[in-house]
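> show me how the following folds:
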Amino acid sequence: MQKQDQDFIQRIAAGNRILAPQGDLLRCGGEKVPNDYRNELMRLVVVFADSELAGAAGFCPFINRGPGVRERIVAAKIVTEKYVHAEMALKRLEPFGVNPMLYVRSHAWDSRLDRNVDLGTRRIGGDKRLNVFHYPLEGWDDAIVFNMLMGQATSIQLAEMEQSSYLPLAETIAQILPREREHAHLGESGVRQAIERSGSKAAAQAAVDYWHPRVAATFGRVDSHHATIYIQYGLRRRGSAEMLADWKAQSAAALKRLGLSVPA
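Prediction:
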């Protein structure tokens, strides 16, 4: 590691925050920020923006699958807010040369792989969405179970960025996080209503069995190089293993409340 990077990491550890770039330069404590910081910051924001765009596009067709008007209103609200979150994230990339209007047209956000594919933590080419957004939804029950589990995961992952060393990102996440937490609660409520409506837990449990390991994989490898750099640069506070443990505990509690089981 170069001395510039070491000095920068020490400034971050001392609590220095980074403001929006002046021109095209990021500065911390009056000193130029290493290029690696800019690259990792952009990567983190792009992964979130792409995941929100892909998530909204994938859930959008299921709005009209809702069993009642209220369910469709909730589904439309979630889709709308995900697009809003993507727009907020892309605006944070504008100082780095990203044009949000062109960007949103650069990928097929509703594209999906075969349902039986299992990518694990292996990333594929194209956009930077989390792998879980490459899998297709199948029906209303499947969609709301996914929203519950992924909503919990997203809330945990975003909470790590709420105190980001990059102040504009921290401010954006502070606005987004309450809505993402609400999405998780709405998902759990929707699953409970679906079970009550059908009188059976079979469909919900089948969806849990499919989605639980795939959502778990969104936390990445425990030895991830990027995760280590995120912590050193103050972009996140904790590593993948700690966040995954939190999600497993939260999702297990939600599944217990619903009378569902964590997959073996």
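> report the backbone C-alpha coordinates of stretch 122-141 in PDB.
Taking Å, rounded to 0.1, in the frame of the first residue of the first chain, the C-alpha atoms of stretch 122-141 are listed here in PDB:
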ATOM      1  CA  ARG A 122     -20.000 -15.600  -8.900                       C
ATOM      2  CA  ARG A 123     -20.700 -12.400 -10.700                       C
ATOM      3  CA  ILE A 124     -21.600 -12.300 -14.400                       C
ATOM      4  CA  GLY A 125     -21.000  -9.600 -17.100                       C
ATOM      5  CA  GLY A 126     -23.300  -6.800 -18.100                       C
ATOM      6  CA  ASP A 127     -24.700  -4.500 -15.500                       C
ATOM      7  CA  LYS A 128     -23.700  -4.600 -11.800                       C
ATOM      8  CA  ARG A 129     -26.900  -5.700 -10.200                       C
ATOM      9  CA  LEU A 130     -26.600  -8.200  -7.400                       C
ATOM     10  CA  ASN A 131     -26.900 -11.800  -8.600                       C
ATOM     11  CA  VAL A 132     -30.300 -12.300  -6.900                       C
ATOM     12  CA  PHE A 133     -31.800  -9.900  -9.500                       C
ATOM     13  CA  HIS A 134     -30.800 -12.200 -12.300                       C
ATOM     14  CA  TYR A 135     -33.400 -14.800 -11.200                       C
ATOM     15  CA  PRO A 136     -37.000 -14.500 -12.400                       C
ATOM     16  CA  LEU A 137     -40.000 -14.200 -10.100                       C
ATOM     17  CA  GLU A 138     -42.800 -16.800 -10.400                       C
ATOM     18  CA  GLY A 139     -46.200 -15.700  -9.300                       C
ATOM     19  CA  TRP A 140     -47.500 -13.400  -6.500                       C
ATOM     20  CA  ASP A 141     -46.500 -15.600  -3.500                       C
END
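> distance check, Glu40 against Val47.
Using Cβ to Cβ, to the nearest Å, Glu40 is found at 11 Å from Val47. No exception for glycine: its C-beta is placed from N, CA and C like everyone else's.
> likewise Leu149?
Where Val47 is concerned, Leu149 sits at a distance of 18 Å (Cβ to Cβ).
> show me which of the two is the more surrounded one.
Set Leu149 next to Val47 and count neighbours by other Cβ atoms under 10 Å: Leu149 wins out with 28 against 19.
> the stretch 151-264 of the chain: helices as residue ranges?
167-198, 202-216, 225-232, 240-258 (DSSP state H, counting those that start in this stretch).
> so which of these gets nearest Phe8?
Checking the helices of the stretch 151-264 of the chain against Phe8 by Cβ to Cβ gives helix 225-232 as the closest, at 9.2 Å.
> dump the helices of the stretch 151-264 of the chain to CSV, plus distance to His134, mean neighbour count and mean pLDDT.
Output for the helices of the stretch 151-264 of the chain, formatted as CSV (distance: least, Cβ to Cβ, whole Å; neighbours: other Cβ atoms under 10 Å; pLDDT from 0 to 100):
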stretch, distance to His134, mean neighbour count, mean pLDDT
helix 167-198, 20, 18, 97
helix 202-216, 9, 19, 98
helix 225-232, 19, 17, 86
helix 240-258, 19, 17, 97
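> and the ones you listed as TSV, adding distance to Met161?
Formatted as TSV, the helices of the stretch 151-264 of the chain follow (distance: least, Cβ to Cβ, whole Å):
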stretch	distance to Met161
helix 167-198	5
helix 202-216	18
helix 225-232	9
helix 240-258	11
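> of all those, which lies closest to Cys60?
Ranked by Cβ to Cβ, the member of the helices of the stretch 151-264 of the chain that lies closest to Cys60 is helix 167-198, at 14.4 Å.
> between helix 240-258 and the closest one, find me the angle.
Angle, helix 167-198 to helix 240-258, by axes from the mean of the first three to the mean of the last three Cα atoms, to 10 degrees: 30 degrees.
> remind me what helix 167-198 packs against, helices and strands.
helix 35-59, helix 69-91, helix 139-159, helix 202-216, helix 240-258 (3 or more Cβ pairs under 8 Å, 6 or more residues apart in numbering; DSSP states H and E).
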